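> Sharing a model prediction with you, sequence too.
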Amino acid sequence: MKLAYWMYAGPAHLGTLRVASSFKNVHAIMHAPLGDDYFNVMRSMLERERDFTPVTASIVDRHVLARGSQEKVVENITRKDKEEQPDLIVLTPTCTSSILQEDLQNFVNRALTLKDSHADVLLADVNHYRVNEFQAADRTLEQIVRFYIEKAKKENFSFSKTEKISANILGIFTLGFHNLHDCRELKRLLMDLGIEINEIIPEGGNVTNLKNLPKAHFNIVPYREVGLMTAMYLKNEFQMPYISTTPMGILNTAQFIHEIENLLKSEILNSCVSNTLGNQFSAQPANAYSKNQTSHTSFIDSQQQQAGTTQNNITKSTVSESKTHKSTTEIFSSENQNFVEKNFQKYIEEQTQFVSQAAWFSRSIDCQNLTGKRAVVFGDATHAACMTKILACEMGIQVLCAGTYCKHDADWFREQVTGFCNEILVTEDHTQVGDMIARLEPAAIFGTQMERHVGKRLDIPCGVISAPVHIQNFPLGYRPFLGYEGTNQIADLVYNSFTLGMEDHLLEIFNGHDTKSNIIQNLENDHSLEWSKDALQELSRIPGFVRGKVKRNVEKFASQNNKKFITLEIMFAAKEAVNA
C-alpha cells in the first residue's frame with residue numbers, strides 16, 4: 001500500500017464493487033471509513049446510467065471503533081436485505097477492515113443466522129494488500145460463480161448442454177474500457193457464425209442464472225484482466241474449453257474465428273453426440289484436461305489429434321444404439337449440419353473486404369504516410385499487447401516501447417510483444433512511463449489518460465486505448481474496439497493521432513500556428529539567462545516529463561521581471577505566480 005496521486009489500477013475493493021454492481025439485483029456493502037464510498041458517484045457519472053444497484057457503505061468511525069463493528073455490519077446486512085430484497089449481498093472488506101483485523105466472515109455467519117429471507121450473503125475473499133483492482137475483480141467473479149455452481153450441485157441441477165451451439169462471454173463489467181460496445185460487437189460476430197449467447201457475466205447478468213453457465217459449449221474471455229479465473233474453474237469442473245484470444249485488429253479477429261472453428265468442429269460436436277448416446281461417452285478421463293494447462297492453443301492441438309479416433313468410436317457406437325438414441329442423433333445432425341459445413345474462411349474474407357475498412361486503408365496512400373512513424377504503447381496487458389501487434393503488423397508503424405501496468409501478467413505480456421517492439425516496460429509508476437516517453441520522443445503515444453496528459457506536456461499526440469477510464473471513454477455513439485467494426489475505430493484513432501506530412505509542412509512554412517508556442521520557443525533560445533547552482537539542483541528534482549515545462553515557465557517569469565540570473569527565490573516566485 002502506498003500514497004499516490006495517480007494509480008493505473010485502483011484498490012482491491014473497487015474491483016469487487018464493480019463486479020457486484022454489474023450483476024442485477026446484487027447489493028454490495030463496503031466496510032470502510034467515510035471517503036471510500038465514491039463508487040456510486042463514479043459509476044453514475046461515467047456510465048450515465050440511472051438504473052443500477054448502489055453500494056452501501058458501512059462507515060467505520062470513532063463510535064464503531066469504540067464498541068466494535070459487528071453490530072453495525074450485521075444491522076446493515078439485515079436492513080438492506082429487507083429494503084432491497086436482493087438475490088445476493090456481497091460484503092466487501094477494505095484495507096481499513098484488514099488493519100482493524102476484523103473477522104468479517106463471522107459477521108456474515110451471524111447475519112445468516114438472524115435474517116429470515118432467501119438472499120445469500122457472501123464475503124469477498126480477496127487480499128486487499130496484495131492484489132489490485134483487476135485481480136480482485138477476477139477473483140470475486142470466480143468466487144460468485146463457484147458459490148452458485150456448488151449450490152446447484154447440491155440441488156442436483158442438470159448441467160446438460162444446450163441443443164444449439166452456444167457460448168458464454170465472461171468479463172464484461174461496469175466501468176470497463178468500451179466494454180458494452182465490445183460486447184455488442186461480439187454478439188453480432190457470434191450471431192453471424194450461428195452461435196447463440198448462453199450467458200454474459202457479470203454485466204446485466206443474474207446470479208440465479210449462473211448455474212446455467214456449464215450448459216454452454218465453450219467460454220469466451222475477451223479481456224485477460226477479468227474472467228480468466230472463472231473460465232479456468234469451469235474448464236476444470238466441467239471440461240469446458242475457453243478462448244482467450246482477444247479479437248482486436250484484423251489478424252487477431254481472424255485468429256479468434258479460426259479458434260472457434262477448430263474448437264467446435266473437433267470437440268464440441270463430438271461432445272454433444274456423446275451426451276445423446278449416454279454416460280459411456282459423457283465421462284471424460286481425468287487427465288484429458290490438465291489443471292495447469294492455461295494455453296488454449298495447446299488444448300486445440302491435443303483435441304484435433306484425438307478428433308479422428310473419437311469420431312470413429314462415436315460412429316460405431318451410433319450404429320449399435322437403440323432407435324431412441326438414433327433419432328436423437330438424427331435431430332442433432334439436422335440442427336448442426338449447416339454449422340459443420342460453414343465456411344469460416346469465407347466469412348473472414350467477406351468481413352475483411354466489406355465490413356472492415358482497415359485492410360483497405362492500410363494499403364492506401366494515406367496510411368503509407370504512417371510507415372516508419374514511431375510510437376509508444378502503454379496500458380493494460382490485453383489492449384497494450386493487441387495495439388502493439390496492430391501498429392507493427394497491420395500499419396507498418398515502429399513501436400519503440402510497449403508497456404503495461406499489469407505486473408501480475410508481465411510474463412504473458414512479454415511473450416506477446418517480444419519481436420514487435422524495441423523495448424518492453426512493466427511498471428505501475430507513471431513517472432517511469434513519462435521519463436521513457438520523454439527519452440524516446442515518439443511521434444505518437446497510445447496509452448491511458450495519464451499518457452494523454454504526458455503527451456500534452458511534451459506536445460506529443462496521444463490516442464487513449466486502455467483503462468483507467470475517463471468520461472471521454474464512454475461515448476454516446478457506437479465505438480467498439482473488438483471485432484471488425486472495432487478495426488475501423490482503431491484505424492481512425494491511429495490515423496488521427498499522428499501529425500501528418502502536410503500538416504508538418506504547413507507548420508514549418510508558417511512557423512507554427514500557436515502564438516504561445518512561439519513565445520516558449522523564443523524563451524528557450526534566450527541564452528542570456530543564467531541559473532544558480534541551487535536553482536539547477538532544485539530543477540533536477542522535478543520529474544523529467546514536466547521538467548522542460550517548469551524550466552520554460554521560470555524563464556518566462558524571469559524575463560517578464562527583467563531578471564537575468566535565476567535563483568531559488570525566483571523559482572518559488574514563479575511557482576506562486578503560476579498557481580495564482
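Sure, I can see it. Residues are numbered from 1 along each chain as shown.

> so how far is residue 120 from residue 108?
10 Å (CB to CB, to the nearest Å). (C-beta placed from N, C-alpha, C; glycine too.)

> Ok, residue 186 next?
Distance from residue 186 to residue 120, by CB to CB: 29 Å.

> between the two, which one's more packed in?
More crowded of residue 186 and residue 120, by other CB atoms under 10 Å: residue 186, with 23 against 18.

> Just to be sure, the more buried one is in a strand?
No - Residue 186 is assigned helix when assessed by DSSP: H, G, I helix; E, B strand; the rest coil, not a strand.

> That one and residue 481 touch, don't they?
No - assessed by CB atoms under 8 Å, residue 186 is found out of contact with residue 481, at 11.0 Å.

> Determine the set of other helices and strands touching the helix or strand in which residue 434 is found.
Here residue 434 sits within helix 430-440, counting by DSSP states H and E. Packing partners of helix 430-440 (3 or more CB pairs under 8 Å, 6 or more residues apart in numbering; DSSP states H and E): strand 374-379, strand 398-404, strand 423-426, helix 449-458, helix 544-560.

> who does the shortest one pair up with?
Counting by DSSP bridges, the strands paired with strand 423-426 are strand 398-404 (parallel).

> So what touches the strand it pairs with?
Contacts with strand 398-404, where a contact means CB atoms under 8 Å, 6 or more residues apart in numbering, come from 372-381, 384-385, 388, 391-392, 410, 413, 417, 420-427, 433, 436, 440, 442.

> for that strand, the distance to its chain's centre please.
A distance of 19 Å separates the centroid of the chain from that of strand 398-404, by CA atoms, centre = their mean, to the nearest Å.

> what angle sits between the helix or strand that that strand is followed by and strand 374-379?
Using DSSP H and E, the next helix or strand after strand 398-404 towards the C-terminus is helix 410-417. For helix 410-417 against strand 374-379, the angle by axes from the mean of the first three to the mean of the last three CA atoms, to 10 degrees is 150 degrees.

> buried set for helix 410-417?
Within helix 410-417, the residues that qualify as buried are 412, 413, 416, 417, counting by 16 or more other CB atoms under 10 Å.

> in the stretch 401-550 of the chain, which segments are predicted with low confidence?
Counting by pLDDT under 70, the stretch 401-550 of the chain contains low-confidence ranges at 499-528, 544-545.

> hmm, try it at 90
Flagging of the stretch 401-550 of the chain using pLDDT under 90 yields the residue ranges 441, 456-459, 468-477, 495-530, 533-550.

> and residue 495, that one's in a strand?
No - going by three-state DSSP, the assignment for residue 495 is helix, not a strand.

> thinking it is in contact with residue 368, fair?
No - here residue 495 does not reach residue 368: they are 11.4 Å apart, not a contact under CB under 8 Å.

> Please enumerate the shared neighbours of those two.
Between them, residue 495 and residue 368 share no contacting residue, judged by CB under 8 Å, 6+ apart.

> Settle it for me: which of these two has more neighbours?
Between residue 495 and residue 368, residue 495 has the larger neighbour count (other CB under 10 Å), namely 17 against 12.

> Contacts only, for that one.
With contacts defined as CB under 8 Å, 6+ apart, residue 495 is in contact with 361, 366, 367, 370.
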